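Novice: need coordinates for the following:
(chains A and B)
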Amino acid sequence: MGAAESLDFRIPSDVQYIEAVVVQVVRRCEALDFSRRHTALNVPVALTEAMSNAIQRGNRDDASRDVVVRVAIDETRLVAEVRDEGDGFDLEACTVDATSDDNLHREDGRGLFLMRKLMDRVERFHDGGNVVRLVLHRV
Amino acid sequence: MSFTVARKGDVTIVDVEGQLIVGNRQELKQKVLDEVEKGAKKILIDFSRTGYIDSSGLGVLVSLAKRIRDAGGELRLANLHDELQTLFELTKLDTLFQISKTRDHALESF
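Specialist: Modelled structure (predicted):
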């Protein structure tokens, strides 16, 4: 990514911290002329989902555990890595089709589905913690 | 972010200002359920001043629709901007809710 700018955050496992991180990332995307759809939908929603999962499922809302977010953005793409202290999960097995008749009326179960709909690529791996990586190309 | 409750005729209108996300969804749920408890049957949620909604926010809307329906009422939505409309279409929730383009259209539809 050449001259990508990196934004780094470390937050406690409390969902109240999510929006402040998202605001800063979206602001940077706006400065780099990402589209309105990207800055008003794809980036804020997918990043919120990844952080929410990390806090609630990865760290089980344990305030003694942190979530680390590292975002690299340049004029071509955004790469966001969200790291928690949990055991990780199987991305394929845990993603459900939220639009199926069985799931449409459910209150939960749309997080991973949305992340994968809104990003060009979603990966999960272990690297000193459980990491979800989101990739979105600007064009 | 805040939720404002107002009334027009027999319709209870809830404005969502800012985001509807994991950090505040329970507040919206409780405000609407309080109105249902007080007897509100026709409830309109207006998103004209809303930024984005995450899966938790969508889940609360699904839950509220059921609770309101179970209480003999109706939940309707209005004023989704283009990105929110896309979000509802991606999740097919546009098929679950009655969505109006404007507040006035929604009020007339009850």
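Novice: remind me, longest helix of the chain?
Specialist: By default, I'm working from chain A. helix A:18-31 (DSSP state H).
Novice: my question was about chain B
Specialist: helix B:55-70.
Novice: thinking again about what came up before, the longest helix of chain A vs chain B: in contact?
Specialist: Yes. Using Cβ under 8 Å from any Cβ of the partner chain, helix A:18-31 comes into contact with chain B via A:18-19. In short, each C-beta sits where N, CA and C put it, glycine included.
Novice: show me where pLDDT drops low in the chain?
Specialist: In the absence of a named chain, this looks at chain A. For chain A, the stretches flagged by pLDDT under 70 are A:1-3.
Novice: should've been chain B
Specialist: Using pLDDT under 70, chain B drops low at B:1.
Novice: picking up where we left off before, in the longest helix of chain B, which residues are buried?
Specialist: The neighbour-count check on helix B:55-70 (16 or more other Cβ atoms under 10 Å in any protein chain shown) flags B:55-65, B:68 as buried.
Novice: who are the packing partners of that helix?
Specialist: helix A:43-53, helix A:111-118, strand B:11-20, helix B:25-37, strand B:42-46, strand B:74-78 (3 or more Cβ pairs under 8 Å, 6 or more residues apart in numbering or on different chains; DSSP states H and E).
Novice: winner for burial among the ones you listed?
Specialist: Stretch with highest mean neighbour count among the helices and strands packed on helix B:55-70: helix A:43-53 (a mean of 27; mean count of other Cβ atoms under 10 Å in any protein chain shown).
Novice: quick check: angle from it to strand B:11-20?
Specialist: Put simply, helix A:43-53 runs at 80 degrees to strand B:11-20, going by axes from the mean of the first three to the mean of the last three Cα atoms, to 10 degrees.
Novice: what angle do helix B:55-70 and helix A:43-53 make with each other?
Specialist: Using the same axes, to 10 degrees: helix A:43-53 against helix B:55-70 is 90 degrees.
Novice: report the next helix or strand after helix A:43-53 in sequence order.
Specialist: Remark: after helix A:43-53, the chain's next helix or strand is strand A:66-73, criterion DSSP states H and E.
Novice: about what we covered before: which residues sit against the longest helix of chain A?
Specialist: In this structure, residues lying in contact with helix A:18-31 by Cβ atoms under 8 Å, 6 or more residues apart in numbering or on different chains are A:5, A:7, A:9, A:11, A:38-39, A:43-44, A:47-48, A:51-52, A:55, A:69, A:71, A:73, A:78, A:80, B:1, B:19, B:21-23.
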